[in-house]
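Asker: Here is a sequence with its predicted model. Questions after.
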Amino acid sequence: MAIFQKQGSYYIDYYADGKRFREKVGPSHKLARQVEIKRKAEIAEGKFFPDRSKPTITFSEMVDLYWDLHAKQKPGARFTGYTLKRLRSVFGQKRLDQITIPDVLRYLNEVKETSSAATANRYHNVLRAIFNRAAEWDKFSGKNPAAKVKQFRTDNARTRFLEKDEIARLLAACDSAIYPAVVCALMTGMRQAEVLGLRWENVDLANGIIYVLQTKSGKPREIPIAAKLGTVLEGIRKGDGGPIFALTARSLHRHFVKALRLAGISDFRWHDLRHTFASHYVMRTNDLPATQNMLGHQSPRMTQRYAHLSKGHLKVGMQLFDAGMDTVWTPEPPADLSPEKKNDSRSGAVVEELPQENWSGRAESNRRLILGKDPFYH
């Protein structure tokens with residue numbers, strides 16, 4: 001560090017974190033010396049934050065920037081927009097430098113309690129990204145309060161789905177406000193936001209196709225319309241444009257909770273309608289790749305949670321394999337076996353007794369397959 005005078009004022013010159021700083025103190029050399037000692041101590045103790053005095057924008061202002069410059073161009077913008085709206089309602093009026101790690105933890109714990117660990121982790125990801133972009137765009141100079149927060153452990157293996165009798169009870173309990181939306185979710189596996197965002201211009205009833213354009217992954221997909229769903233949609237059709245279901249997420253939740261209570265169904269969420277579709281589709285078709293396409297899973301690993309429901313596909317596959325082996329398989333053994341040889345009844349292969357030394361040095365009889373005599377390998 002150094003002290004120098006310029007135009008009647010004293011300055012201190014020092015380095016911190018590889019950066020050079022020149023700080024104006026005033027007309028007193030003694031004061032400059034005191035400030036120099038203080039800065040040395042702050043740097044040594046890790047308490048030197050030169051940018052802390054810079055004003056930062058509010059979280060609400062940063063959300064607007066994040067949306068306009070970054071988020072709305074990304075896949076899944078519809079879902080991000082909803083998350084930003086929720087975050088703004090909590091942190092909106094605070095400056096970025098006023099939001100602390102305990103603030104972030106407190107909010108994420110609330111989300112986990114009222115929704116799920118996976119939902120809380122998604123909010124955490126967006127919150128962390130907002131602060132990262134703020135630092136990159138010179139709108140924030142402190143430490144990211146979301147960066148030090150660990151994500152919750154999640155269990156994505158939940159596959160709660162309704163049996164046939166439960167489906168019937170649920171549909172009977174639904175009022176007219178949500179009945180078509182529930183049928184749509186049950187017959188397509190669409191996510192709640194996809195159902196609520198569905199528009200008539202994206203539904204081709206003549207050819208039986210739903211075009212899902214606003215998806216979580218950002219990749220559009222097509223879903224065939226089952227006959228039962230087609231009948232329901234024809235019944236509520238009032239035009240060729242606009243949203244199909246005049247519902248908000250809040251009103252849908254209120255009506256759905258009431259229907260579950262009337263139907264006597266517990267431990268069930270709207271998202272489990274998606275599991276219900278996938279589970280029954282797999283049980284009836286044994287077609288996991290088709291299920292993956294209709295659900296919009298980016299990886300087959302996500303669809304594998306339904307594989308255990310496909311009870312018949314392995315048996316059917318083995319039957320097809322067995323039928324294809326008719327021309328090469330000869331179950332009867334050759335007639336001219338020598339006394340030393342005998343037939344292995346399990347495979348029809350010819351085996352003979354040969355001595356073999358085991359690890360203890362004792363001879364014992366082991367059976368060895370004579371591959372050249374096995375008709376399967378011809």
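Answerer: The structure has been received and is ready for your questions.
Asker: Residue ranges in the protein under the pLDDT threshold?
Answerer: Applying pLDDT under 70 to the chain picks out residues 47-55, 75-76, 155-159, 298-378.
Asker: quick one: the residue nearest the centre of it from residue 271, how far?
Answerer: Central residue of the chain (CA atoms, centre = their mean): residue 118, 7.7 Å from the mean position. Computed as CB to CB, to the nearest Å, the residue 118 to residue 271 distance reads 10 Å. Using the backbone N, CA and C atoms, a C-beta is placed for each residue, glycine as well.
Asker: same deal with residue 24?
Answerer: According to CB to CB, residue 24 and residue 271 sit 59 Å apart.
Asker: cool, and residue 139?
Answerer: Applying CB to CB, the value for residue 139 to residue 271 is 35 Å.
Asker: In terms of neighbours, single out the busier of these two.
Answerer: Comparing residue 139 with residue 271 by neighbour count (other CB atoms under 10 Å), the higher total belongs to residue 139, at 18 against 15.
Asker: from memory the more buried one sits against residue 64, does it?
Answerer: No. At 11.2 Å, residue 139 does not count as touching residue 64 under the criterion of CB atoms under 8 Å.
Asker: follow-up on the earlier one: so the residue nearest to the centre of the chain sits in a helix?
Answerer: Yes. Counting by DSSP: H, G, I helix; E, B strand; the rest coil, residue 118 is found in a helix.
Asker: which non-adjacent residue is nearest it?
Answerer: Here the nearest residue to residue 118 in space, its sequence neighbours aside, is residue 154; by CB to CB, 6 or more residues apart in numbering that works out to 4.7 Å.
Asker: and the one you found, helix, strand or coil?
Answerer: Of the three states, residue 154 takes coil according to three-state DSSP.
Asker: and residue 171, how many neighbours?
Answerer: 15.
Asker: which of the residues in the helix or strand hosting it are buried?
Answerer: Element membership of residue 171 [criterion: DSSP states H and E] is helix 164-173. By neighbour count with 16 or more other CB atoms under 10 Å, helix 164-173 contains the buried residues 166-167, 169-170, 173.
Asker: same thing with stretch 194-208?
Answerer: Neighbour-count burial for stretch 194-208 [16+ other CB under 10 Å]: 194-198, 200, 203.
Asker: Switch the residues you listed over to TSV; also include distance to residue 291 and secondary structure.
Answerer: Listed next are the buried residues of stretch 194-208 as TSV, based on distance: CB to CB, whole Å; DSSP: H, G, I helix; E, B strand; the rest coil:
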residue	distance to residue 291	secondary structure
194	16	helix
195	18	helix
196	23	helix
197	22	coil
198	20	coil
200	26	helix
203	21	strand
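Asker: Tabulate these (TSV), appending distance to residue 135.
Answerer: Converted to TSV, the buried residues of stretch 194-208 look like this (distance: CB to CB, whole Å):
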residue	distance to residue 135
194	34
195	37
196	35
197	33
198	38
200	44
203	44
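Asker: pretty sure residue 222 is in a helix, no?
Answerer: No. Per three-state DSSP, residue 222 lies outside any helix segment and is strand.
Asker: Using the three-state scheme, assign residue 219.
Answerer: Using three-state DSSP, the secondary structure recorded for residue 219 is coil.
Asker: Neighbours of it, how many?
Answerer: Counted with other CB under 10 Å, residue 219 comes out at 12.
Asker: Would you confirm that it contacts residue 296?
Answerer: Yes. Counting by CB under 8 Å, residue 296 is a contact partner of residue 219 at 7.0 Å.
Asker: quick one: the helices in the stretch 51-200 of the chain?
Answerer: According to DSSP state H, counting those that start in this stretch, the stretch 51-200 of the chain carries its helices in the segments 59-69, 77-91, 101-114, 117-136, 164-173, 179-188, 192-196.
Asker: Counting neighbours, which bits of the longest one end up buried?
Answerer: With burial defined by 16+ other CB under 10 Å, the residues of helix 117-136 counted as buried are 117, 119-124, 126-131, 133-134.
Asker: between those residues, which is nearest residue 236?
Answerer: For the buried residues of helix 117-136, the residue nearest residue 236 by CB to CB is residue 119; the value is 30.0 Å.
Asker: OK, contacts around that closest one?
Answerer: Residues near residue 119 by CB atoms under 8 Å, 6 or more residues apart in numbering: 111-112.
Asker: ok, now residue 108?
Answerer: 120, 123-124, 149, 152 are the contacts of residue 108 under CB under 8 Å, 6+ apart.
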